[in-house]
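**Student:** Provided below are the primary sequence and the corresponding predicted coordinates.
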Amino acid sequence: MLETDRGQLVYVRNRGLRHAPAEIMAKLLAGVRVDPALVYFRTVPTFETSAPELQILTRSIFVGCGERYPSEVVLRFWKVD
């Protein structure tokens, strides 16, 4: 669940794949910082919200790319036109 600066709620469901060679995955799972270029991390999110001005999220297809770091996961999304 995400909350916008205006207090609007957006439920996000992410389905995707993350894989890398075994030695890279072992480092990731141990909390070691790994170059994101060494990991295939792609996702397809779906969004649900009742906020009228955010309905574009529920009516569009998005693809995403992820990066896993020891203290966070960064996801970037693009709308497919």
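**Tutor:** Yes, it's here. Numbers count the residues shown, from 1 in each chain.
**Student:** alpha carbons only for contacts and neighbour counts from here, please
**Tutor:** OK.
**Student:** which stretches of this structure form helices?
**Tutor:** Ranges of helices within the chain are 22-29, based on DSSP state H.
**Student:** Quick check, pLDDT for Pro70.
**Tutor:** You'll see Pro70 listed with a pLDDT of 89.
**Student:** Repeat that for the one 5 residues further on.
**Tutor:** With respect to pLDDT, Leu75 has a value of 95.
**Student:** Would you confirm that it contacts Phe62?
**Tutor:** No - if you go by CA atoms under 8 Å, Leu75 and Phe62 don't touch, sitting 11.8 Å apart.
**Student:** In terms of neighbours, single out the busier of the two.
**Tutor:** Phe62 (18 against 13; other CA atoms under 10 Å).
**Student:** who's in contact with that one?
**Tutor:** Phe62 is in contact with Val44, Pro45, Thr46, Phe77, Trp78, Lys79, Val80, counting by CA atoms under 8 Å, 6 or more residues apart in numbering.
**Student:** Show me just the buried residues among those residues.
**Tutor:** Burial by neighbour count, 16 or more other CA atoms under 10 Å: within these this picks out Val44, Pro45, Thr46.
**Student:** What about the closest residue to the second one other than its chain neighbours, how many residues nearby?
**Tutor:** Residue nearest to Pro45 in three dimensions, not counting chain neighbours: Asn14, with 4.3 Å by CA to CA, 6 or more residues apart in numbering. Close neighbours of Asn14, defined as other CA under 10 Å, add up to 13.
**Student:** if we can go back for a sec, tell me the one of the contacts of Phe62 nearest Thr58?
**Tutor:** The shortest gap between Thr58 and any of these belongs to Thr46, at 7.1 Å (CA to CA).
**Student:** May I have the beta-bridge partners of that closest one?
**Tutor:** Using DSSP bridges, the bridge partners assigned to Thr46 are Arg13.
**Student:** Enumerate every residue touching it.
**Tutor:** Per CA under 8 Å, 6+ apart, neighbours of Thr46: Val12, Arg13, Asn14, Leu57, Thr58, Ile61, Phe62.
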